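# Any chance you can model this:
(one chain, ligands or ions: 2)
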Amino acid sequence: MSKKFRSSSIGRRGFLKGVSLTSAAALAPALPAKTQPAPPQNLGGLVPRPNLAAETMPPPKDLVTQSTSGGDFMVDVLKTLDIDYCAINPASMFRGVQEAIINHGKNTKPELLTCTHEEIAVAMAQGYAKMSGKPMAVMTHGTVGLQHASMALYNSYCDRVPIYLMIGNIMNADKRAPGGEWAHSAQDPAAIVRDFVKWDDQPASLRHFAESAVRAYKIATTPPMGPVLLSLDAELQENPIPDGEELRIPKLAKIALPQGDGGAVAETARLLVSAQSPVLICDRMARTQAGMDRLVELAETLQCPVVDMFGRMNFPTRHPLNHSFRRTGVLANADVIVGFELNDYWGAVHGFEDRIIRRSAPLFRPSAKTISIGVRDIFTKANYQEFQRYPDVDLAIVGDGEATLPSLIEEVKRLVDANRKLAYEARGKKLAEAKFAMLEQAKSDATIAWDASPITTSRLCAELWGQIHNEDWSLVGNGIRMTWPHRLWNFDRTHRWNGVSGGGGVGYNAPASLGAGLANKAHGRLTVTINGDGDLMFTPGTLWTAAHHRIPILYIVHNNRAYHQEYMYVQAMANRHARGIENAHVGTTITDPNVDFAGLARSFGVHGEGPISDPNELGPALARAIAVVKRGEPALVDVITESR
Ligand SMILES: Cc1ncc(C[n+]2csc(CCOP(=O)(O)OP(=O)(O)O)c2C)c(N)n1
Ligand SMILES: [Mg+2]
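Ligands and ions are numbered 1, 2, ... in the order given. The predicted structure follows:
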């Protein structure tokens, strides 16, 4: 018998005498013989593994007390960035910073928001940033939290929205507890999302952190904006600030936005002024009310139509020059087309059919002059193909759309003489007539199947509009594929609409709307969102966060009990293959069982109404829910809809 074996067998005998103070058995309260748990059966891999590290470590000689921590300094740095909120799902890898935010930072600037999924945290930040104009911080666990966050991060990236994301990591292998901390650490944790964040870093010291933290903010908020990622070493967060360490926090520069080249802007003005039928198209253009006001000024000066692709709230929907729903008509006539911050210039000026076979055709004449103004060309990555089809424009002006508008307006105004003014007025009159006819048509279309059950999406939107139009309302998400509210309602300010997901990743609407609702809360606005049932099933825990943080928001569930878009695609495929559409519900519907969204809401502490399939019950249910929201709480109305 080897010596090694003998000594270990003695150790085992000692343990069996019950003298090992550090054993789990010694720490457990004694139970009467009768209630002693039965010895574990063969549970295979299900038996929880003991924390060997804790059991075998001698107790520390001195109780560790430290008056500073790296996390405290990190919070001090964050405070200089004027970040109001930090959305988290709690995780030990950032426990140092979390504790510092709560106790050192007094849970203000940033204040923690408790989220039930990392995807919710990031999407909340996306909706918040667009509505408030500034980033929210998000903290997630190391590898696993970041993996959950990744799709929402991709949406933010595609939408060019700043997200200030931090994750925890343990860089020194010697410091990782066995088990989870190894699985939650990575050599290069950002690798999984590097294709769709603008910048990332893993600071090795607190000085390094300070610089990277300020740099990250600057990069995220410089157009084209985007998410950034800082990986925070747990030791750096938790340990004291090293003795004698002189730390300073770099200042955050005021960012002057890039404007389009003066000569190119003057050329654009010349083309616009001399055109017979100029068209302006915009997408992610207006960041502020000034952006919308300037676009109105430019359009009114030229009396030309504006097509809004709705990536932001760019142009008032009831304005006589808003021809977003006559895109095909106005482009067919256009001789000059100027696109502002178009995510997809090619897509905006082409028709594309993808239901049966994939084919496309230009919507404009080959002789039309095409110009783009925006920052999209400044920043492109290779792998993910969100950069869209190549837009072969005649002139690409690289500059921020909103920031370039003043010089363009000035140039245009300089060139417009009295004769032109007269011609423009005549053009504007015709456009106003067409717009009026379009609005009347929309109102009439909305009455089709008015009394139908399930409820038409047009009736839903008309009822909703009837109850909110006298409030300072804000529609922050729309699962009705963009049509009815924008056709019917009077969106007249930038906060009336908050854009779309960017990456088309479902699960965005519910949490992004909540983030926008949080931003609106400070202004006392009535926040409303129309949420697909499928979308809400991805991120239902959002409702709990709404209740927990008392965020007033009205969720309308556009409940067609299906992933209806996909249902229609499967129908289209079945049609193409001449096999009948009877089976298209397989894998595409959300029935059997039906989801009780009102019950779900109530279970999270949110006022729930519905399911409502009788259109006459809709108005009273909306009124009750709006009353709840107006007193500062969230509410949900589940509306059984047909899809149109
Ligand atoms: C993460 C993700 N998964 C799946 C899809 C495919 N998808 C596109 S629309 C859609 C349906 C969403 O359902 P719902 O919100 O109810 O909208 P509806 O189509 O019923 O109007 C799905 C599953 C996606 N875009 N993103
Ligand atoms: Mg649906």
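# Give me the pLDDT for the closest residue to ligand 1 within the stretch 51-200 of the chain.
Of all residues in the stretch 51-200 of the chain, residue 151 sits closest to ligand 1, at 5.9 Å by Cβ to the nearest ligand atom. Where C-beta positions appear, they are placed from N, C-alpha and C, glycine not excepted. We have a pLDDT of 98 for residue 151.
# same question, the one 10 residues further on
Reading off the per-residue confidence, residue 161 sits at a pLDDT of 98.
# Quick check: nearest residue in space to residue 534, chain neighbours excluded?
residue 563 (4.4 Å; Cβ to Cβ, 6 or more residues apart in numbering).
# Oh, that last question was meant for residue 333, not what I typed.
In space, residue 333 is closest to residue 277, 4.4 Å off (Cβ to Cβ, 6+ apart).
# okay but the one you found is in contact with residue 332, surely?
No - using Cβ atoms under 8 Å as the test, residue 277 is too far from residue 332 to be in contact (9.3 Å).
# where exactly do the helices run in the stretch 201-350 of the chain?
In the stretch 201-350 of the chain, the helices defined using DSSP state H, counting those that start in this stretch lie at 206-221, 234-238, 262-274, 289-302, 327-333, 345-348.
# Let me know how buried the residue nearest to residue 333 is, in neighbour terms.
Using other Cβ atoms under 10 Å, residue 277 has 17 neighbouring residues.
# Over to residue 524?
Counted with other Cβ under 10 Å, residues neighbouring residue 524 total 11.
# picking up where we left off before, list the residues that contact the residue nearest to residue 333.
Neighbouring residues of residue 277 by Cβ atoms under 8 Å, 6 or more residues apart in numbering: 304, 330, 333-336, 427.
# In ChimeraX, how would I select just the buried ones from those?
Selection of buried members from the contacts of residue 277 for ChimeraX, criterion 16 or more other Cβ atoms under 10 Å:
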select :304,330,334,335,336,427
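# ok, the contacts of residue 277 vs residue 375, which is closest?
When the contacts of residue 277 are compared for distance to residue 375 (Cβ to Cβ), residue 336 wins out at 21.5 Å.
# in this protein, which ranges drop under the pLDDT threshold?
Judged by pLDDT under 70, the chain has its weakly predicted residues at 1-64, 482, 643-644.
# what sits against the closest residue to residue 424 other than its chain neighbours?
Spatial nearest neighbour of residue 424, excluding adjacent residues (Cβ to Cβ, 6+ apart): residue 303 at 3.9 Å. Listed by Cβ under 8 Å, 6+ apart, the contact partners of residue 303 are 321, 424-425, 427-428, 431.
# Neighbours of residue 254, how many?
Other residues near residue 254 number 5, with proximity taken as other Cβ under 10 Å.
# again, but for residue 87
Counted with other Cβ under 10 Å, the neighbours of residue 87 add up to 32.
# and what of residue 137?
When neighbours are counted by other Cβ under 10 Å, residue 137 registers 25.
# mind checking how far whichever residue of the stretch 301-450 of the chain sits closest to ligand 1 is from ligand 2?
Of all residues in the stretch 301-450 of the chain, residue 354 sits closest to ligand 1, at 12.7 Å by Cβ to the nearest ligand atom. Distance, residue 354 to ligand 2, by Cβ to the ion, to the nearest Å: 19 Å.
# For that residue, give its distance to residue 576.
12 Å (Cβ to Cβ, to the nearest Å).
# quick one on the thing from earlier: looking at it, the residue nearest to residue 534 is touching residue 585, isn't it?
No - taking contacts as Cβ under 8 Å, residue 563 lies outside contact range of residue 585: 10.2 Å.
# tell me which element the spatially closest residue to the residue of the stretch 51-200 of the chain closest to ligand 1 that is not a sequence neighbour is part of?
In this structure, residue 151 finds its nearest non-sequential neighbour in residue 505, 4.7 Å apart by Cβ to Cβ, 6+ apart. Residue 505 is part of no helix or strand, with elements assigned from DSSP states H and E.
# my read: residue 505 touches residue 155, true?
Yes - the criterion here is Cβ under 8 Å, and residue 505 meets it with residue 155 at 4.7 Å.
# Neighbour count for the two, which is higher?
Shown here are residue 505 and residue 155; by other Cβ under 10 Å, residue 155 has more neighbours (26 against 19).
# The stretch 451-600 of the chain: strands as residue ranges?
Assigned strands in the stretch 451-600 of the chain, in chain order: 473-478, 526-532, 554-559 (criterion: DSSP state E, counting those that start in this stretch).
# Looking at those, which one is packed in the most?
Of all those, strand 554-559 carries the top mean neighbour count, a mean of 29, counting by mean count of other Cβ atoms under 10 Å.
# Can you list the neighbours in contact with it?
Contacts for strand 554-559 (Cβ under 8 Å, 6+ apart): 457, 460, 464, 479-480, 510, 513, 526-533, 536, 543, 546, 595, 597, 601, 606, 610-611, 625-626, 629, 634-641.
# for residue 373, what are its contacts?
260, 268, 338-341, 397, 399, 401, 404, 408.
# and these near ligand 1, which?
Among these, no residue is within reach of ligand 1 (Cβ under 6 Å from any ligand atom).
# quick one, helices of the stretch 451-600 of the chain?
So, for the stretch 451-600 of the chain - with DSSP H, counting those that start in this stretch - the helices run 457-468, 484-488, 509-521, 533-538, 542-548, 564-576, 597-603.
# Spatially, what comes nearest to the residue of the stretch 251-400 of the chain found nearest ligand 2 if we skip its sequence neighbours?
In the stretch 251-400 of the chain, the residue that lies nearest ligand 2 is residue 355 (17.7 Å; Cβ to the ion). Of all residues beyond its chain neighbours, the one nearest residue 355 is residue 572 (4.4 Å), with distances taken as Cβ to Cβ, 6+ apart.
# Output stretch 454-463 as CSV - backbone C-alpha positions only.
The C-alpha coordinates for stretch 454-463 follow below in CSV (Å, rounded to 0.1, in the frame of the first residue of the first chain):
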residue,chain,number,x,y,z
PRO,A,454,-61.9,39.3,-34.7
ILE,A,455,-61.4,43.0,-34.7
THR,A,456,-59.8,44.7,-37.8
THR,A,457,-56.4,46.3,-37.1
SER,A,458,-57.9,49.5,-38.7
ARG,A,459,-60.8,49.6,-36.2
LEU,A,460,-58.3,49.0,-33.4
CYS,A,461,-56.2,51.9,-34.5
ALA,A,462,-59.2,54.2,-35.0
GLU,A,463,-60.5,53.4,-31.5
